[in-house]
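Asker: can you look at this prediction? I've put the sequence above it.
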Amino acid sequence: APTRLIDYRPPDWLVPQVKLRFELEAQRTLVHATLHVVRNGAHDRPLRLDGQALELLHLAVDGAAHDHRLADEKLTIALGADAAVVETSVAIAPAANTRLMGLYASGGLLCTQCEAEGFRRITFFPDRPDVLSLYSVRLEADAAAYPVLLANGNPGATGALPDGRHFAEWDDPIPKPCYLFAAVAGDLSALSDRFTTMSGREVALNIWTAAADVARCGHAMAALKASMAWDERVYGREYDLDVFNIVAVADFNFGAMENKGLNIFNSKYVLADAETATDWDFDSIAGIVAHEYFHNWSGNRVTCRDWFQLSLKEGFTVFRDQQFSADQGSAAVKRIEDVRGLRGMQFAEDAGPLAHPVRPDSYVEISNFYTATIYNKGAEIIRMMHRLLGEARFRAASDSYFAANDGRAATVEDFLAAMAGQGLDADTFARWYRTRGTPVVAAALSHDAEAATATLTLRQSNPRAPDAAPLPIPLATALFGRQTGARLGEERLILLDQAETRVTFEAVREPPVLSINRGFSAPVLVQAAQSADDLAFLAAHDDDGFGRYEAMQQLLLNALIQSAGGGGTAGQEAVIAAVRATLRQADADPAFVAETVLLPAEALIGDRMGEVDPEAIHAAREALRRTLSGALREEWWALFHGLADTDFALTPLAKGRRRLRGVALGMLMAGDDHEATAAAFLMFADAATMTDRMAALGALANSRAVEREEALRLFEARHGADANAMDKWYAVQAASSRPDTLAAVRRLQQRADYSPANPNRLRSLVLTFANNQLRFHAADGGGYDFLTETLLAVDAINPQSAARLAAPLGRWKRFDAGRAGLMRRALERIRATPGLSKDVQEMVSNSLEG
Ligand code: ARG
Ligand code: ZN
């Protein structure tokens with residue numbers, strides 16, 4: 001049965017104090033728990049503890065044996081008094097834990113992942129975020145195999161034990177929910193540093209990894225220190241423990257986890273140097289280090305009452321990490337990247353069968369709700385509040401939110417109440433949290449030349465929630481004069497909070513061009529029916545960088561949709577001219593130019609068409625690439641040569657130059673040109689950075705030329721021992737547009753270094769392929785068969801990983817009858833498989849019925 005928001009009840013029993021003692025061993029670990037439980041309110045309900053895959057060895061209440069019942073993953077204990085000390089001992093099997101939830105083995109390490117409901121796989125406990133406890137933890141393990149023993153909080157006593165074992169004690173002085181519990185044991189080395197907080201507290205910082213990788217932790221450490229300083233400066237948030245530890249592990253279900261004082265990271269988001277990491281990796285590492293660090297306040301000090309409030313911590317923390325990253329480099333480019341991600345992932349999710357509100361009403365498996373909607377749309381909602389209140393009032397509201405809720409398990413209402421304290425209309429804003437679907441805003445501008453006024457009519461609708469009350473949509477808007485190219489008056493922030501609004505602009509003495517949703521001020525789809533001339537005008541004249549990007553992308557998208565839909569290529573001269581004009585800004589802002597002239601992804605084109613025709617979309621995109629490639633040949637070559645750098649700098653300018661050079665190469669490679677192929681191979685062979693090497697390999701991966709195989713071979717020879725680098729090698733082949741891609745993917749699946757148990761490897765190969773719109777959606781259904789087989793095999797190992805593979809099949813309604821039928825059949829075949837996890841069951845049922 002699903003869990004529902006309206007069924008929330010406070011916990012029957014609280015657990016103010018927890019003592020844990022671990023006798024760690026990979027095969028069989030013993031966990032001894034002492035819980036001080038206290039009745040919460042007047043009732044006579046028993047204590048009910050969650051437990052999954054636990055072998056109960058011993059149970060005592062107040063030191064004596066006690067009646068209990070163990071059924072359906074619940075341990076029920078009737079207690080007479082209002083307080084008791086409950087002791088349990090359980091055995092667990094970390095080495096056999098392939099779900100990577102609870103305590104598991106990764107390489108030679110033992111580590112934990114508890115969010116959302118993994119703590120119940122470690123010990124019996126009320127596994128819900130509104131039970132906050134003080135933890136003291138003692139880890140015992142073989143000293144040779146596990147010389148380093150880490151847990152949350154501050155370090156305590158350490159010492160030797162008989163039989164070559166040793167122990168370490170950890171005390172966390174801050175109450176926390178059990179999903180923030182963490183422990184790690186292993187042969188780890190640290191890159192260490194220090195940070196002095198704004199009140200003068202000295203914090204020891206360590207990033208733990210295998211000894212050989214310590215040299216690759218410098219970027220993450222710099223990001224951590226920058227994050228700590230930034231959160232003090234921008235949000236007034238200070239760190240609260242004596243140590244901050246980060247551990248990198250190779251097998252991890254997602255990016256990273258904000259466990260109190262002991263963040264655990266997917267090694268992909270820690271380890272970096274020029275040899276193995278792309279600029280994208282460097283930026284993601286900084287963003288994720290910041291994200292997890294920022295959770296110390298938005299998530300840990302103020303946590304969530306229940307999992308329906310997930311976006312309370314995730315949306316806010318994503319917004320905070322986006323602000324941080326914008327401050328580190330180009331804010332405009334960061335915004336473009338964030339919006340591209342939002343449209344690619346979240347808009348697609350919100351338009352399909354898995355659409356759900358940012359605060360869902362119900363779920364079967366909470367792991368399925370760590371979605372782009374909770375994270376990224378959640379962040380957009382916070383961003384709108386920030387925009388409406390302005391920097392100072394938003395900060396004041398944030399301060400009062402943290403002050404009022406420190407040490408509490410809070411709700412979205414608590415956050416909105418703090419914003420309301422600064423004047424936000426919280427009641428109407430709450431609608432954003434309960435309404436699924438991307439709002440569509442139709443905008444029509446008319447000009448009255450005689451009166452010198454312009455009237456903007458705005459109408460909102462939501463196809464996925466037609467009966468929902470109108471949302472408050474802040475639309476940053478400006479008009480530009482078609483003749484003068486100048487902005488007419490100030491930018492206005494229009495709040496569209498009715499189904500329809502009309503806004504008048506005065507002193508409009510020439511035909512105006514509309515620039516709306518500037519900076520992407522609201523996460524909506526704008527339909528403005530702008531002509532190619534208007535879009536080209538805005539691409540050249542808008543004084544909002546995002547607006548110029550947006551106009552150019554819309555121009556490209558319109559051309560692609562027209563040609564993929566059989567409408568031919570009329571009007572492409574305007575596109576060529578606009579791209580040419582944009583390329584002239586390459587010296588000043590190469591990153592912006594790269595983003596702006598990059599053709600929209602095939603999946604995005606599909607999302608905007610009535611029916612997705614993968615072959616027609618691919619053909620249209622290739623044709624436009626060839627057109628732009630040919631028409632601007634000299635420009636692309638000039639960029640390709642002029643942007644070649646031999647040194648390695650991580651400045652925004654250096655990164656932008658590499659990015660634009662990669663885009664130029666991609667254009668030159670359209671049509672499998674010989675000269676370009678040779679240049680790509682040379683770029684690959686001479687690359688001073690992984691960014692250049694991957695840009696070249698990515699371009700070659702679609703090619704039929706012999707250089708492709710040679711480059712793949714060289715890459716493997718160079719990086720074969722580095723799993724994170726090899727993931728890129730897998731992904732680049734799975735993303736290839738070559739007709740033999742599925743066969744290649746199946747071959748890659750047979751390699752000795754392929755393992756579906758490693759989430760990074762699985763994602764690199766299988767999820768990348770499932771997002772390869774052209775080849776995954778082959779009309780014969782071969783891609784669907786492949787995904788179905790893989791998903792079913794993975795479900796037996798790791799349900800969370802398997803559930804993620806279901807989403808690509810959920811797009812079935814968007815395709816022609818033939819493909820839709822095959823996709824449905826694949827989903828039905830999965831659903832009919834006995835022993836399916838509830839993770840996959842929920843995803844598949846929603847995909848079929850939603
Ligand atoms: N809280 C972590 C983060 O965003 C992610 C945890 C994901 N958990 C899950 N069950 N998918 O930083
Ligand atoms: Zn998070």
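Answerer: Okay, I see it. Residues are numbered from 1 along each chain as shown. Ligands and ions are numbered 1, 2, ... in the order given.

Asker: could you use CA atoms for every contact and neighbour count after this?
Answerer: Noted.

Asker: and the residue nearest to A578 when sequence neighbours are not counted, how many neighbours?
Answerer: Nearest non-adjacent residue to A578, counting by C-alpha to C-alpha, 6 or more residues apart in numbering: A536, 5.8 Å away. Look at A536: counted by other C-alpha atoms under 10 Å, it has 23 neighbours.

Asker: and what about A536, helix, strand or coil?
Answerer: Three-state call for A536 (DSSP: H, G, I helix; E, B strand; the rest coil): helix.

Asker: and it, what's its pLDDT?
Answerer: Note on A536: pLDDT of 97.

Asker: give me the residue from the stretch 651-800 of the chain nearest ligand 1.
Answerer: Relative to ligand 1, the nearest point of the stretch 651-800 of the chain is Q800 (7.6 Å; C-alpha to the nearest ligand atom).

Asker: which ones are touching that residue?
Answerer: Listed by C-alpha atoms under 8 Å, 6 or more residues apart in numbering, the contact set of Q800 reads R99, N253, S367, N368, D839, V840.

Asker: nearest to ligand 1 among those?
Answerer: S367 (4.2 Å).

Asker: does that closest one really touch A116, like I thought?
Answerer: Yes. With contact defined as C-alpha atoms under 8 Å, S367 counts as touching A116 (6.9 Å).

Asker: between those two, who's got more neighbours?
Answerer: The neighbour comparison of S367 against A116 (other C-alpha under 10 Å) goes to A116, with 20 against 17.

Asker: just checking, the more buried one touches I366?
Answerer: Yes. If you go by C-alpha under 8 Å, A116 and I366 touch, sitting 7.1 Å apart.

Asker: name the residues contacting each of these two.
Answerer: With C-alpha under 8 Å, 6+ apart, A116 and I366 have common neighbours W307.

Asker: D350 - nearest residue in space that isn't next to it in sequence?
Answerer: Excluding the flanking residues, the one nearest D350 by C-alpha to C-alpha, 6+ apart is G437, at 4.8 Å.

Asker: so the residue of the stretch 501-650 of the chain found nearest ligand 1: helix, strand or coil?
Answerer: Ligand 1 sits closest to P523 of the stretch 501-650 of the chain, with a gap of 20.6 Å, by C-alpha to the nearest ligand atom. For P523, the assignment made with three-state DSSP gives coil.

Asker: that one: neighbour count?
Answerer: For P523, the neighbour count with other C-alpha under 10 Å is 25.

Asker: which ones are touching it?
Answerer: By C-alpha under 8 Å, 6+ apart, the contact set of P523 is K377, E380, T438, P439.

Asker: top of those by neighbour count?
Answerer: Neighbour tally across the contacts of P523 (other C-alpha under 10 Å): the maximum, 28 neighbours, falls on K377.

Asker: thought it was touching T317?
Answerer: No. Counting by C-alpha under 8 Å, K377 does not reach T317; the two are 12.0 Å apart.

Asker: residue numbers of the chain in contact with ligand 1?
Answerer: Within the chain, the positions near ligand 1 by C-alpha under 6 Å from any ligand atom are E115, A116, A256, M257, E258, E292, S367, Y370.

Asker: now list the buried members of the residues you listed.
Answerer: E115, A116, A256, M257, E258, E292, S367 (16 or more other C-alpha atoms under 10 Å).

Asker: farthest pair in those?
Answerer: E292 and S367 (18.1 Å; C-alpha to C-alpha).

Asker: flag every buried residue along stretch 775-789.
Answerer: Residues of stretch 775-789 classed as buried by neighbour count (16+ other C-alpha under 10 Å): 775-779, 781-788.

Asker: same check, this time on stretch 160-171
Answerer: Result for stretch 160-171 [16+ other C-alpha under 10 Å]: buried residues R165, H166, F167, A168, E169, W170, D171.

Asker: between the residues you listed, which is nearest E238?
Answerer: If you rank the buried residues of stretch 160-171 by distance to E238 using C-alpha to C-alpha, D171 comes first, at 19.4 Å.

Asker: is that closest one bridged to anything, and to what?
Answerer: Using DSSP bridges, the beta-bridge partners of D171 come out as S136, N154.

Asker: ok, it - contacts?
Answerer: Residues near D171 by C-alpha under 8 Å, 6+ apart: Y135, S136, V137, N152, G153, N154, P155, G156.

Asker: and the third one, what does it touch?
Answerer: Contact criterion C-alpha under 8 Å, 6+ apart gives K19, L20, R21, F22, A151, E169, W170, D171 as the residues in contact with V137.
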